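Undergrad: Turn this into a structure:
(2 chains)
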Protein chains: 2
Amino acid sequence: MDLDLTVGTGDLASAASALVRLVPGKLIDPVLSGVLLTAGRDGVSLAATDRERAARVERAAVVHTEGRVLVPAKPLADTLRALDLEQVRLVVEGSKLAIRAPGARFALPLLDADVHPGVAEPPARVGTVDGAVFGSALATVATAASRDEALPMFTGVRVRSEGARLVLVATDRYQMAVASLGWRPAGEPVDALVPASLLAEIAKQAAGAGDVVLHADRDRFGLSWSGTHAATSVLDGSFLHESKVSVSDVDTTLELEADALAGAVRRVGLYTDARGVLLLEVGDGEVRLRGADQRAGEAEESVKATVTGDRTSQAYQSRFLTDALRPFLGGPVRVEIQPGMRATVFRAPEPADLDLRYVVMPMLPPKN
Amino acid sequence: MDLDLTVGTGDLASAASALVRLVPGKLIDPVLSGVLLTAGRDGVSLAATDRERAARVERAAVVHTEGRVLVPAKPLADTLRALDLEQVRLVVEGSKLAIRAPGARFALPLLDADVHPGVAEPPARVGTVDGAVFGSALATVATAASRDEALPMFTGVRVRSEGARLVLVATDRYQMAVASLGWRPAGEPVDALVPASLLAEIAKQAAGAGDVVLHADRDRFGLSWSGTHAATSVLDGSFLHESKVSVSDVDTTLELEADALAGAVRRVGLYTDARGVLLLEVGDGEVRLRGADQRAGEAEESVKATVTGDRTSQAYQSRFLTDALRPFLGGPVRVEIQPGMRATVFRAPEPADLDLRYVVMPMLPPKN
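TA: Coordinates of the predicted model:
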């Protein structure tokens, strides 16, 4: 095994830490906690897999000797991040990969690259989206997925194409987020249930990128943007559809400033019972939030609103209201309320290219 | 019970959160988790105690009705912090203390102030120190105390006066920090073992203050600064003395830039065994840090140093080196090494009004 290259430290550090965040790695298996470092004519690539997920990050580098090695990912990323240095040299020395800086040498053990399963090439390209819009949609939709690994079905985001629109849906059964945005299809349609934790990380990394390319086949889904590619095995997500939440009985519609309501939720939410539930009472030209807790006391706050239709009041967990309002902060939000134990929908009053809906299930009101 | 006042929201919010941090409160006892709010001619005071500790914070306020109430501390602090509002009104309404803002009302239950043990007046004044110097000394010395409540003796800082100097000492038996600074005595001498956690919090709050007044009697120790007073019961700290660490056999002295050594510790510290130990080898005109871990690999880094005396090398836990160097960052540090399992001392090369020493015990070097 051989390899010798010089590279910008910040460049390689960002690549290594992006990779570690995309494939957190299974520490139990030293081979899968490794990063495959490949120096080729065009630069250096870092790749990792945990068998489910795979990611590759490419960076420009001055390659003195081409080659490929497998080294532990975390010490590589940590060392690069800790170096205060413009450029760094990586060179194989015996059974180690040396990271060389003036006066310093860090030597990572070479792992056996031959027993590594390899990092598969991405599946076929199926289309392109704008990175900023897609990142913003993912950030919201991934919030609504469950973090409970005991119910893996609800930890995913369904990514589904409908002609020139891409629809993202996630739910943990108490809340649901739905985003629809334009995309440029260039292959087969997409329909995949993708782990929300991976998409949330990609939302952060790809938000600054221009175009993001979607890749998919029957078993895998991937995204690539500015020198980075991430892919994962997928599940069947057809059980998860926005039409399963009925919104046909909306009788009360509010329009108000998202920041004003979110501020009131933050304050009145300090006074909720053990379930974290507060009451949203609809009045004339305003809504009133109420909360009560035996220990903390009670709170109420009014927020100006344009109210149309009936005056149906509901109770919600305050944390779901906070999540539902976040994508609309800085502008107006429309709240569509149905009577009984039926869903409430949060959406922008005016249609936009990114159509975002956040659905929250009401709770039984607090007993007082 | 009665009380009615108007006060700057930010002012009262900072007072309530300072109080909660000085007396974190025992949630089990609702009375002791309460804050005594007293509105008098001069403004409002907030006070709390957990029987060990006591604190009082005073603020200017427009008092409409004087009075005293006991309310839960945490919801009061959280609500005030969450309000986006210049001024707020606090008024007793029936069995509640209402926090009133336009369109909003938050009502805290009144607790029974008669069963509250009361917040004692501070003990007698014994002298004055400069807040910034004292805060900086406390921040360093409190670091060296143990966080292990099973050994309460080592969780304290001994505060001792020696004429016109005030000496602060703390140790967890592996490291010791000693600070000596000028003070202006105005009463009895001081000698008290004070909980480090309280002093660390005071170091943050008092760092911006001008003068800090020390209060002490046989059983209690207190500090007051800009409208705030905090006091605590004390222990006998006479077992804790800087002279117990012998520094008579220093044979090797280094002088180097603290930032350069701290950077090398941060990087080479990524490559330490389970004990976190790295080796500091003394050479000619430089020191070399070495670390090795079976899994991560090995590292070495040199740092320029002026070396006098012998070339005694030692091994240390990297986290203790990081703590020992922190007070000297941005300037030079002198390292005084003794052979064998004897202490190493970190100090400033030039004497200053604040004389700070950080003592670290060496470890057996890593086996390779």
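Undergrad: dump the residue contacts of A:Asp172.
TA: Neighbouring residues of A:Asp172 by C-beta atoms under 8 Å, 6 or more residues apart in numbering or on different chains: A:144-146, A:148, A:154. Placement of C-beta: from N, CA and C, glycine included.
Undergrad: Reformat the residues you listed into JSON lines and put distance to B:Asp2 next to each item.
TA: Shown next, in JSON lines, are the contacts of A:Asp172 (distance: C-beta to C-beta, whole Å):
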{"residue": "A:Ala144", "distance to B:Asp2": "48"}
{"residue": "A:Ala145", "distance to B:Asp2": "52"}
{"residue": "A:Ser146", "distance to B:Asp2": "50"}
{"residue": "A:Asp148", "distance to B:Asp2": "50"}
{"residue": "A:Phe154", "distance to B:Asp2": "53"}
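Undergrad: Could you check how far the residue nearest the centre of chain A is from B:Leu254?
TA: In chain A, the centroid-proximal residue (C-alpha atoms, centre = their mean) is A:Ala200; its distance is 1.1 Å. Going from A:Ala200 to B:Leu254 by C-beta to C-beta, to the nearest Å gives 47 Å.
Undergrad: Let me see the domain layout of chain A.
TA: As assigned by automatic domain parsing, chain A contains the domains A:4-115, A:125-243, A:245-360.
Undergrad: Next up, phi/psi of the residue nearest to the centre of chain A, please.
TA: phi -60, psi -40 (degrees, to the nearest 10).
Undergrad: just A:Arg342 next, same as before
TA: Torsion angles, degrees, to the nearest 10, at A:Arg342: phi -110, psi 160.
Undergrad: gap between the closest residue to it other than its chain neighbours and A:Met341?
TA: Leaving aside its chain neighbours, A:Arg342 sits nearest to A:Asp249 (6.1 Å; criterion: C-beta to C-beta, 6 or more residues apart in numbering or on different chains). In this view, A:Asp249 and A:Met341 are 11 Å apart by C-beta to C-beta.
Undergrad: Tell me which of these two has more neighbours.
TA: Legend: neighbour count by other C-beta atoms under 10 Å in any protein chain shown for A:Asp249 and A:Met341, higher for A:Asp249 (13 against 10).
Undergrad: Give the full set of residues in contact with the more buried one.
TA: A:Asp249 neighbours (C-beta under 8 Å, 6+ apart): A:338-340, A:342.
Undergrad: Now render those residues as JSON lines, adding neighbour count and pLDDT.
TA: Shown next, in JSON lines, are the contacts of A:Asp249 (neighbours: other C-beta atoms under 10 Å in any protein chain shown; pLDDT from 0 to 100):
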{"residue": "A:Gln338", "neighbour count": "19", "pLDDT": "97"}
{"residue": "A:Pro339", "neighbour count": "14", "pLDDT": "95"}
{"residue": "A:Gly340", "neighbour count": "8", "pLDDT": "93"}
{"residue": "A:Arg342", "neighbour count": "17", "pLDDT": "95"}
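Undergrad: closest to A:Leu181 among the residues you listed?
TA: A:Gln338 (25.9 Å; C-beta to C-beta).
Undergrad: Make sure A:Gln338 is actually in contact with A:Gly309.
TA: No. If you go by C-beta atoms under 8 Å, A:Gln338 and A:Gly309 don't touch, sitting 10.6 Å apart.
Undergrad: between those two, what contacts are shared?
TA: A:250-251.
Undergrad: Adding neighbour count and distance to chain B, write the contacts of A:Asp172 out as CSV.
TA: Below are the contacts of A:Asp172 laid out as CSV (neighbours: other C-beta atoms under 10 Å in any protein chain shown; distance: C-beta to the nearest C-beta, whole Å):
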residue, neighbour count, distance to chain B
A:Ala144, 26, 25
A:Ala145, 26, 28
A:Ser146, 19, 28
A:Asp148, 10, 28
A:Phe154, 21, 31
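Undergrad: which one in those residues is the model shakiest on?
TA: Least confident of the contacts of A:Asp172 in the model: A:Asp148, at 87.
Undergrad: May I ask which helix or strand encompasses it?
TA: Using DSSP states H and E, A:Asp148 falls within no helix or strand.
Undergrad: OK, contacts around it?
TA: A:154-155, A:172.
Undergrad: Let me know the closest of the contacts of A:Asp172 to A:Ser224.
TA: A:Ala145 (22.4 Å).
Undergrad: hang on, isn't that closest one packed against A:Gly156?
TA: Yes. With contact defined as C-beta under 8 Å, A:Ala145 reaches A:Gly156; the gap is 6.5 Å.
Undergrad: For the residue lying closest to A:Ser246 once chain neighbours are set aside, give its distance to A:Met361.
TA: Using C-beta to C-beta, 6+ apart and skipping the chain neighbours, the partner closest in space to A:Ser246 is A:Arg342 (6.6 Å). Applying C-beta to C-beta, the value for A:Arg342 to A:Met361 is 8 Å.
Undergrad: ditto for A:Val247
TA: 12 Å.
Undergrad: between the two, what contacts are shared?
TA: What both A:Val247 and A:Met361 touch, as defined by C-beta under 8 Å, 6+ apart, is the set A:Ala343.
Undergrad: who's more crowded, these two?
TA: Neighbour tally, A:Val247 and A:Met361, criterion other C-beta under 10 Å: the higher count belongs to A:Met361, 18 against 15.
Undergrad: residues touching the more buried one, list them.
TA: Residues near A:Met361 by C-beta under 8 Å, 6+ apart: A:173-175, A:320, A:341, A:343-344.
Undergrad: Turn those into a markdown table, columns for pLDDT and secondary structure.
TA: Rendered in a markdown table, the data for the contacts of A:Met361 read as follows (pLDDT from 0 to 100; DSSP: H, G, I helix; E, B strand; the rest coil):
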| residue | pLDDT | secondary structure |
| --- | --- | --- |
| A:Arg173 | 89 | coil |
| A:Tyr174 | 91 | coil |
| A:Gln175 | 94 | strand |
| A:Phe320 | 96 | helix |
| A:Met341 | 93 | coil |
| A:Ala343 | 96 | coil |
| A:Thr344 | 97 | strand |
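Undergrad: From those residues, pick the one nearest chain B.
TA: A:Phe320 (18.3 Å; C-beta to the nearest C-beta).
Undergrad: tell me which parts of the stretch 201-350 of chain A are close to chain B?
TA: A:263-264, A:266-268, A:270-271, A:295-303 (C-beta under 8 Å from any C-beta of the partner chain).
Undergrad: List only buried entries from those.
TA: A:263-264, A:266-268, A:270-271, A:296-303 (16 or more other C-beta atoms under 10 Å in any protein chain shown).
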